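Undergrad: 3D, please:
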Amino acid sequence: MEHSEKNKTNGFLLALTLLSIAVGVAAPFVWNRFIDGQLGGITLILVEVLLLIFILVSAHSLWKNSGSGQWKMKSDKKGMVVYTLKVPGETWLKIKIVGRLRARLASILTLMRNPDAAKDVGMFDSYYINGSDPNLVGSDPKLVYYTFKQKLFPPFKHREFVVKSEFSQDPVSKEMKFNFVAAPDKLPVNKRCHRVTKMHNRWRYTPLKNGEVEYEFVYDAVDPGGYFPYALANWLIPSMLPYAFAKMPKILDKEKYRNAEVDYVREVDQPEEMMI
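TA: Numbering: from 1, shown residues only. Next up, the predicted model:
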């Protein structure tokens with residue numbers, strides 16, 4: 001019953017929005033038939049402004065209340081499948097990318113969690129927080145905190161990410177999982193950047209029998225904030241992320257990743273007793 005009432009409300013609002021668009025387009029051509037002269041021009045401008053405000057507000061409401069809560073395939077190109085998910089009540093799309101590559105697991109982890117790799121993936125000013133470097137004696141390599149920044153074009157501030165990175169590996173399948181959760185209170189506020197306070201990005205790397213590794217990435221920024229238009233982000237990000245992922249094999253082929261060694265990661269052909 002509640003769902004039916006919601007559909008009726010959305011349908012009525014959609015009809016009003018379409019009617020407002022039609023009136024806004026037609027008004028300049030017929031307005032002088034009703035009110036002429038300077039007064040007519042001022043009135044027309046006011047009417048157009050009010051109609052525009054109503055259209056924007058109603059379009060926002062319609063979009064926010066829309067969505068199935070289910071993943072839908074957006075594209076399937078060059079072995080990389082992109083999905084989007086719209087949750088009712090949220091404005092930002094969630095994005096999932098599934099693909100395959102050839103690389104050692106230690107190479108992948110080094111790219112994923114080493115601050116020195118930031119520049120290779122378009123980030124900058126990255127470092128571990130509060131001595132959580134997984135290479136330090138006594139530290140827990142499965143849980144680290146670090147920060148990095150992402151450049152944005154004017155007038156938007158660069159984005160600053162302060163994250164908790166959780167890592168796990170299945171001892172049998174060797175599948176690796178990463179959780180990147182926003183931890184905004186771990187560093188003092190930087191007024192030069194906009195800190196992302198809500199994020200839960202997830203990675204999964206599953207070794208396959210043919211020697212490849214299947215990856216699955218879920219982009220869930222919830223709300224990057226900073227007045228960046230969500231409509232622009234929902235259009236840009238699903239199209240831009242595949243280009244970034246297409247560069248991964250070339251990046252992982254660099255010597256610092258190709259020959260990387262990580263004590264707490266076990267390769268597919270590495271016995272369990274050899275893992276520290």
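Undergrad: contacts and neighbour counts: CA atoms only from here.
TA: Fine.
Undergrad: can you pull out the helices in the protein?
TA: Defined through DSSP state H, the helices belonging to the chain, from first to last, are 2-30, 37-65, 105-113, 230-246, 248-252, 255-258.
Undergrad: And those helices: which comes nearest D269?
TA: Between D269 and those, the shortest gap by CA to CA is with helix 105-113, which sits at 10.9 Å.
Undergrad: which secondary structure elements does the closest one contact?
TA: In terms of contact count using 3 or more CA pairs under 8 Å, 6 or more residues apart in numbering; DSSP states H and E, helix 105-113 is assigned the packing partners helix 248-252, helix 255-258.
Undergrad: Now the first one: buried residues?
TA: Neighbour-count burial for helix 248-252, with 16 or more other CA atoms under 10 Å as criterion, is recorded at 248, 251-252.
Undergrad: From those, pick the one nearest K198.
TA: Using CA to CA, M248 comes nearest to K198 of the buried residues of helix 248-252, at 25.6 Å.
Undergrad: In contact with the residue nearest the centre of the chain, which residues?
TA: The residue at the geometric middle of the chain, judged as the C-alpha nearest the mean C-alpha position with CA atoms, centre = their mean, is Y219 (3.9 Å). Contact analysis of Y219 by CA atoms under 8 Å, 6 or more residues apart in numbering lists 94-96, 200-202.
Undergrad: now do N234
TA: With contact taken as CA under 8 Å, 6+ apart, N234 is in contact with 92-93.
Undergrad: Not counting stretch 183-203 itself, show me its contacts.
TA: The set of residues external to stretch 183-203 that reach it, using CA under 8 Å, 6+ apart, is 129, 157-164, 177-182, 215-226.
Undergrad: So which of those residues sit within strands?
TA: In strands, defined here by DSSP state E, the members of these are 158-164, 177-182, 215-219.
Undergrad: ChimeraX command for the buried members of those?
TA: Typed into ChimeraX, the next command selects the buried ones out of the ones in strands among the contacts of stretch 183-203 (criterion: 16+ other CA under 10 Å):
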select :158,159,160,161,162,163,164,177,178,179,180,181,182,215,216,217,218,219
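Undergrad: Good, wrapping up.
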